[in-house]
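# got a sequence here, can you build the structure:
(2 chains, ligands or ions: 2)
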Amino acid sequence: MITLQNIHKSYQMGLNPLHVLKGIDLQIEKGELVSIMGSSGSGKSTLLNIIGILDNHDEGEYKLDGKIIANLSETKAALLRNEYIGFVFQSFNLISFKNAMENVALPLYYKKISRKKRNKIAMDYLDKVGLLDWAEHMPNELSGGQKQRVAIARSLIARPKVILADEPTGALDSSTSYEVMEILRNINQEGITVIIVTHEDDISRMTKRVIKLKDGIIEADYVPKPLQNSSLNGSGSRLADKENVTLNIQT
Amino acid sequence: MFDLDKWQEIFAALKKNKMRTFLTAFGVFWGIFMLVIMLGSGRGLQNAVFDGMKDFATNSLFVWTQPTSEPYDGFPRGRRFYFRNDDIEALRNNIPEIDIIAPRLQAGGGTSSTDNVIRGIKTGSFTVNGDYPEWNLIDPVKMLDGRFLNHLDLLHRRKVAVIGDMVKNILFGKDEDPLGEYIRINGVYFQVVGVFSPLNSNIGFGGDKAQSIFIPFTTLQQTYNYGNIVGWFAITAREDIPVGIVDDKVRELLKRRHRVAPHDNHAIAGVNLEEQFIRVKGLFLGIDILVWIVGIGTLLAGVIGISNIMLIVVKERTKEIGIQRALGATPRKIISQIISESVFLTTIAGYMGLSLAVFLLELINRALLASGADNQAFKNPEVDLNIAIAALIILIVAGAFAGLMPANRAISIKPIDALRDE
Ligand SMILES: Nc1ncnc2c1ncn2[C@@H]1O[C@H](COP(=O)(O)OP(=O)(O)OP(=O)(O)O)[C@@H](O)[C@H]1O
Ligand SMILES: [Mg+2]
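Ligands and ions are numbered 1, 2, ... in the order given. Now for the predicted structure:
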């Protein structure tokens, strides 16, 4: 799904460039659940943004689903993002003047799907993240966890092949974090590739592969030891009890 | 198609800072308001002036005599002289460029305070003109009743009179029919054969035309002992011949015939109406151009204001635009959004300015009509539909231009930088 070969990225900071990514080689297959870890400033977000075609790399080759990503026009990049990638941000990034349903429906607006149809689909996805009753609420009336679930629903609605989440639980407490992770894991089970940037060890241990960055290179790439079943199941079942989340996304 | 998401965004953006939106919109509102008001007022002045000249033969010239200002041919300066009946023939025979000649002679009265016209116990002070029927081709009147003078009246020196509507109102009762009745002008009885109302009030020769009386030129000369004196000539040029040429020839001929020094322009005074007309036209053209320049300038200031505000709006919404782009909004979508917003703001503000201005002009117009003043300095201050539509189109185009720069700014930022914006 994603192939990175010798990816370099520098930021121009005054006179001397800041070399952030120093030759990343990485292969992520379809359907993987990957976490990217590393200390602050190691280049995790930079890498994720390049994968998400929000930013461009300086050197090396990036292939997304077999397509070489290089020198794209903004229009082309926008269309690729819309088709392939769903973003989940640490700060949710919901549009403040649109209610939950309209926020979820937004990617379909750019696909020129009629308002009626996209709102109906948005309701389905809100249902899947357990927020059907909150559809008419504005973002400032939602809790952090609820906002992130709206954001996840939004990232899913255009049926992307890859979900990119930059510290999706960074602004949430641990039990809410587990709920969000549970949803992301369920998405992954439907066959969508999920890449999560995180600082937290327990979050990374809920994924199936950990990539550790240090100073712009991959320091380690391993399968984590799963988290104690009790806590994971605990949160998962809590979520299921409370809101009866069942994700069943057809691809 | 109505795109609710688009408008939702526009309203959200405008609502966020109402004061700013209002002030910006006010610039455009004021610009178009001023433009339309000024155009309408210019038109009002123009209508009043041209309406007052309508039907008047503008290819005409008028000459009369004044005391000479140079001694010549044995005569001292300051000599008084008069045009004569034989000048009519001479002009006609020697100057083929002349189309119509209408000699005129005014009997005393009108300007004096004593009443010169009497009917029974009713009296009035009116201007009495001795005229040829041709006069009606140069300064036409509207016949309300009866007829104008004709050549038989002149040939037989009939004592007939055509009276202005004000004359009729003063000398006759409301339900009285003046036709066939007699009035006494400077002691002589004349039969009323027609009643007229003036068509153009802005070109006058002393006194209110509605308070004047036409009698045959020959009758006036004979009845009041003017001999063969002609007061002045009204002359029109043939089609396609500049009045100036006729003017020169007429003066030259008359100077020769009356032994006036060739360069004594004071002795034979005159007015070339065509020249005046062109001058007035030029004046209004100048006013129009000025109005457009000032109006467009004001409008431009408003539009620049909108562009400015859109730049700020775009900057404030950088992050939001970043989110939209991450979700797959193409640059085109973003540009169209910002331009729509700017066009919306300009058009709404402009439309309000336009409506208010048109409404105000209409109000003034109604007030003028209601006041019923006859000799208006201001008439029908309208803005024709074409100008209104042109102004609206200018607004929309200007709005689009105002949005262009902010839109370009919005997409020149990389999506990732936009997202990072706090
Ligand atoms: N737009 C930018 N311009 C200049 N320098 C940048 C820019 N974005 C990131 N950097 C620098 O690049 C380095 C890597 O940044 P990046 O955001 O990828 O780190 P990170 O691993 O995500 O860190 P964190 O865990 O704190 O989010 C940092 O030193 C950062 O200061
Ligand atoms: Mg980061």
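
# and the helix or strand encompassing A:Ala153, how far from the chain's centre?
If you go by DSSP states H and E, A:Ala153 is part of helix A:144-157. The chain centroid and the centroid of helix A:144-157 are separated by 10 Å under C-alpha atoms, centre = their mean, to the nearest Å.

# quick one: is it near chain B?
Yes - interface with chain B: helix A:144-157 contributes A:Arg154 (C-beta under 8 Å from any C-beta of the partner chain). Any C-beta I mention is one placed from the backbone N, CA and C, and that applies to glycine too.

# pLDDT on that helix, on average?
Helix A:144-157 shows a mean pLDDT of 93.

# got it, and stretch B:385-394?
Stretch B:385-394 carries an average pLDDT of 78.

# how about the CA coordinates for that stretch, as PDB?
Provided in PDB are the C-alpha atoms of stretch B:385-394 (Å, rounded to 0.1, in the frame of the first residue of the first chain):
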ATOM      1  CA  LEU B 385     -32.300  50.700 -16.200                       C
ATOM      2  CA  ASN B 386     -29.200  50.300 -18.300                       C
ATOM      3  CA  ILE B 387     -27.100  52.300 -16.000                       C
ATOM      4  CA  ALA B 388     -28.400  50.400 -13.000                       C
ATOM      5  CA  ILE B 389     -27.700  47.100 -14.600                       C
ATOM      6  CA  ALA B 390     -24.300  48.300 -15.700                       C
ATOM      7  CA  ALA B 391     -23.500  49.300 -12.100                       C
ATOM      8  CA  LEU B 392     -24.600  46.000 -10.800                       C
ATOM      9  CA  ILE B 393     -22.400  44.200 -13.300                       C
ATOM     10  CA  ILE B 394     -19.500  46.400 -12.400                       C
END
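
# circling back to that earlier point, after the helix holding A:Ala153 comes which helix or strand?
Downstream of helix A:144-157, the first helix or strand assigned by DSSP H and E is strand A:162-166.

# what's around the residue nearest to A:Ile2 when sequence neighbours are not counted, how many residues?
Sequence neighbours aside, A:Ile28 is the residue nearest to A:Ile2 in space, at 4.2 Å (criterion: C-beta to C-beta, 6 or more residues apart in numbering or on different chains). Neighbours of A:Ile28 under the rule other C-beta atoms under 10 Å in any protein chain shown: 19.

# thought A:Ser35 was touching A:Ile28, still the case?
No - contact between A:Ile28 and A:Ser35 fails when scored by C-beta atoms under 8 Å: they sit 11.4 Å apart.

# what comes up buried for the helix holding A:Ala153?
By neighbour count with 16 or more other C-beta atoms under 10 Å in any protein chain shown, helix A:144-157 contains the buried residues A:144-157.

# just send these back as TSV, with distance to B:Phe22 too.
Conversion of the buried residues of helix A:144-157 to TSV gives the following (distance: C-beta to C-beta, whole Å):
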residue	distance to B:Phe22
A:Gly144	36
A:Gly145	39
A:Gln146	35
A:Lys147	33
A:Gln148	37
A:Arg149	38
A:Val150	33
A:Ala151	34
A:Ile152	39
A:Ala153	37
A:Arg154	34
A:Ser155	38
A:Leu156	41
A:Ile157	37
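
# let me know the closest of those to B:Leu45.
A:Arg154 (62.1 Å; C-beta to C-beta).

# secondary structure element for the residue in the stretch 1-150 of chain B that chain A sits nearest to?
Closest residue of the stretch 1-150 of chain B to chain A, C-beta to the nearest C-beta: B:Ala12 (3.6 Å). Element membership of B:Ala12, judged by DSSP H and E, is helix B:4-16.

# pLDDT on that helix, on average?
The pLDDT scores in helix B:4-16 average 75.

# may I have it exported as CSV, CA atoms only?
The C-alpha atoms that make up helix B:4-16 are tabulated as CSV, following Å, rounded to 0.1, in the frame of the first residue of the first chain:
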residue,chain,number,x,y,z
LEU,B,4,-26.2,25.2,1.2
ASP,B,5,-22.7,24.3,2.4
LYS,B,6,-21.2,27.2,0.5
TRP,B,7,-23.7,29.7,1.9
GLN,B,8,-23.4,28.3,5.4
GLU,B,9,-19.7,29.1,5.2
ILE,B,10,-20.4,32.6,3.9
PHE,B,11,-22.8,33.4,6.6
ALA,B,12,-20.7,31.9,9.3
ALA,B,13,-17.8,34.1,8.1
LEU,B,14,-19.8,37.2,7.9
LYS,B,15,-21.6,36.7,11.2
LYS,B,16,-18.4,36.1,13.0
